[in-house]
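Novice: Quick one, what's the 3D model for this:
(one chain, ligands or ions: 1)
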Amino acid sequence: MNRETTWEKACAVLPGGVNSPVRAFGGVGGIPVFMKRSAGAFLFDENGKAYIDLVLSWGPMILGHNPPEVVEALKDQLSRGLSFGTCTGAEADLAALILNMIPGMDMLRLVNSGTEATMSAVRVARGYTGQDKIIKFRGCYHGHGDSFLIQAGSGALTHGAPSSLGVTAGTAGDTLIADYNDLQAAESLFERYPDSIAAVIVEPVAGNMGVVPPLPGFLEGLRSLCSRFGSVLIFDEVMTGFRVARGGAAERYSVQPDMITLGKIAGGGLPLAAYAGKREIMNMVSPLGKVYQAGTLSGNPMAVAAGTAHLRLLERMNPWRVLEEKTDYLCSGLKRAAEKNGVSVQVNQVGSMFTLFFTAEPVTDTKSALAADAACFARFFHAMLEAGIYFPPSQYESAFLSLAHEQNHLDQIIKAAETFFEKGRNQ
Ligand SMILES: *Cc1c(COP(=O)(O)O)cnc(C)c1O
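Specialist: Sure thing, here's the model as predicted:
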């Protein structure tokens, strides 16, 4: 199978050859690799070449690809039916399981994607407060809902279009922007619009400008601003949920939001996401309340089966400490290899999320993330790809480890990186 031919075929029928922009390798150049199979810590391309996978479907596969328990649950559901469009007991079981894992939430609704979860959460917050404006942070990505495509991260940042065309001025005007980790800026917005802010939405650990941890006091400060001004604090934990701790970032940083959005890991590889909130907020959601939100395939039996099996397995394996140790090992190995060869890097890491930035300065927001050497990252990416290691094809995305990544995989990654750094020194 010829990569160029497949790419040509894809580009003729899919905009940019892809169904999601970052997959197009725009941030690193070259033609994407077409994958055919996955197992454990590996992806395999159409020619059978193996890659240690550090993207993990952009986060979901925290236990590695194809855990047998999830596959079995799907086979079992497959034999009983794909989709009913009715109530099932399994939906309530999954909701209870999720609510038991994340802190402080009373009810949730299942949806099909992280985008739907964040869009719906903001609608509910607006219905609940009767206000229109939201605050979001520059470089944070909350899916592709209109309100969020103002100074967005992820593919929007990778492709140099953080604010999308096709978003009306009215919508854009209701989205107020502050820099990530800049509490003062958020406070100024509240002082300027004391009576019109429905919600603050934030990635409690930013993962869509590369990994950027919250500075001490940032999340706590947002909590107290929202309480003071009667706004809803939404933690967008689509990436961090079940990733940075069992109960996500809310648990890890002991800051209690009013709503939490989830996705990625929650579906175990199938399209499933959720938005959760305190009871008085979720009472607003139709048919209980007057905020409308619905979905033909919401809570569909296949996704629910996968999500339930995946989360149950997570609970049983309790992988978070081990995952963090593995990631500490990999990140310090990468840092050591760079320093040994006089290459300046920042390795930002929270739990099993990490990003390697080629810069001597700390990365704490979009400005410092954009100051890193993205061209060097692109060369690094291609050297790794060649060596059979699949990093995210953009500087502005998080890499992930799974429980399936073993010591020898990590050593292989460090060794390949070291070879790249050495070459740079000898150039
Ligand atoms: C991935 C992501 C989303 C969007 O989820 P989709 O399922 O791609 O729509 C929203 N917020 C965050 C923080 C994400 O990482």
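Novice: rest of the way, CA atoms for contacts and neighbours
Specialist: Noted.
Novice: what about the strands in the chain?
Specialist: Here the chain has its strands, by DSSP state E, at 35-39, 42-45, 50-53, 107-111, 133-138, 175-179, 197-202, 232-236, 259-262, 273-277, 346-350, 353-357, 389-390, 399-400.
Novice: Contact residues of the chain facing the ligand?
Specialist: Counting by CA under 6 Å from any ligand atom, the chain comes close to the ligand at 113-115, 141-143, 203, 236-239.
Novice: I'd like the distance between residue 54 and the ligand.
Specialist: To the ligand, residue 54 is 15 Å away according to CA to the nearest ligand atom, to the nearest Å.
Novice: Would you mind pulling the contact partners of the lowest-mean-pLDDT helix or strand in the chain?
Specialist: When the helices and strands of the chain are compared on mean pLDDT, DSSP states H and E, helix 155-158 comes out lowest with a mean of 80. Helix 155-158 is contacted by residues 21-22, 26-27, 139, 149, 162-164, 209, 394-396 when judged by CA atoms under 8 Å, 6 or more residues apart in numbering.
Novice: ok, and which of the strands of the chain has the densest surroundings?
Specialist: Most buried of the strands of the chain by mean neighbour count (mean count of other CA atoms under 10 Å) is strand 259-262; its value is a mean of 30.
Novice: Would you mind putting the CA coordinates of that strand into CSV?
Specialist: What follows is strand 259-262 as a C-alpha-only set of coordinates in CSV (Å, rounded to 0.1, in the frame of the first residue of the first chain):
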residue,chain,number,x,y,z
MET,A,259,-20.2,21.6,36.5
ILE,A,260,-17.8,19.1,34.9
THR,A,261,-17.6,18.0,31.3
LEU,A,262,-16.2,14.6,30.4
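Novice: and residue 393, what does it touch?
Specialist: For residue 393, the contacting residues are 22-23, 25-28, 378, 381, by CA under 8 Å, 6+ apart.
Novice: Emit the PyMOL select command for whichever of those residues are buried.
Specialist: Paste this into PyMOL to select the buried members of the contacts of residue 393, with burial taken from 16 or more other CA atoms under 10 Å:
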select buried, resi 22+23+25+26+27+28+378+381
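Novice: nearest to residue 365, of the contacts of residue 393?
Specialist: residue 27 (18.7 Å; CA to CA).
Novice: Excluding sequence neighbours, find me the nearest residue to the closest one.
Specialist: Nearest non-adjacent residue to residue 27, counting by CA to CA, 6 or more residues apart in numbering: residue 394, 4.9 Å away.
Novice: Pretty sure the one you found sits against residue 25.
Specialist: Yes - using CA atoms under 8 Å, residue 394 is in contact with residue 25, at 7.3 Å.
Novice: still on that earlier bit, dump the strands of the chain into TSV; add mean pLDDT as well.
Specialist: Formatted as TSV, the strands of the chain follow (pLDDT from 0 to 100):
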stretch	mean pLDDT
strand 35-39	98
strand 42-45	98
strand 50-53	98
strand 107-111	98
strand 133-138	97
strand 175-179	96
strand 197-202	98
strand 232-236	98
strand 259-262	98
strand 273-277	98
strand 346-350	98
strand 353-357	98
strand 389-390	98
strand 399-400	98
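Novice: coming back round to it: narrow the residues of the chain next to the ligand to those in helices?
Specialist: Using DSSP state H, the subset of the residues of the chain next to the ligand located in helices is 114-115.
Novice: Of all pairs in the residues of the chain next to the ligand, which one is the farthest apart?
Specialist: The span of the residues of the chain next to the ligand, defined through CA to CA, is set by 113 and 203 at 16.1 Å.
Novice: Show me which of the two is the more surrounded one.
Specialist: Under the neighbour definition other CA atoms under 10 Å, residue 113 and residue 203 were set side by side, and residue 203 has more, 27 against 20.
Novice: ok, and the closest non-adjacent residue to the more buried one?
Specialist: residue 236 (5.0 Å).
Novice: residue contacts, the one you found?
Specialist: When contacts are counted by CA under 8 Å, 6+ apart, residue 236 touches 118, 142, 201-204, 260-262.
Novice: Name the nearest of those residues relative to residue 71.
Specialist: Using CA to CA, residue 262 comes nearest to residue 71 of the contacts of residue 236, at 21.6 Å.
Novice: tally of neighbours for the closest residue to the closest one other than its chain neighbours?
Specialist: Leaving aside its sequence neighbours, residue 262 sits nearest to residue 238 (CA to CA, 6+ apart; 4.1 Å). By other CA under 10 Å, the residues close to residue 238 number 29.
Novice: show me the contacts for residue 238.
Specialist: If you count contacts by CA under 8 Å, 6+ apart, residue 238 has them with 114, 261-264, 273.
Novice: picking up where we left off before, please spell out which residues along the least confident helix or strand of the chain are buried.
Specialist: Neighbour-count burial for helix 155-158 [16+ other CA under 10 Å]: 155-158.
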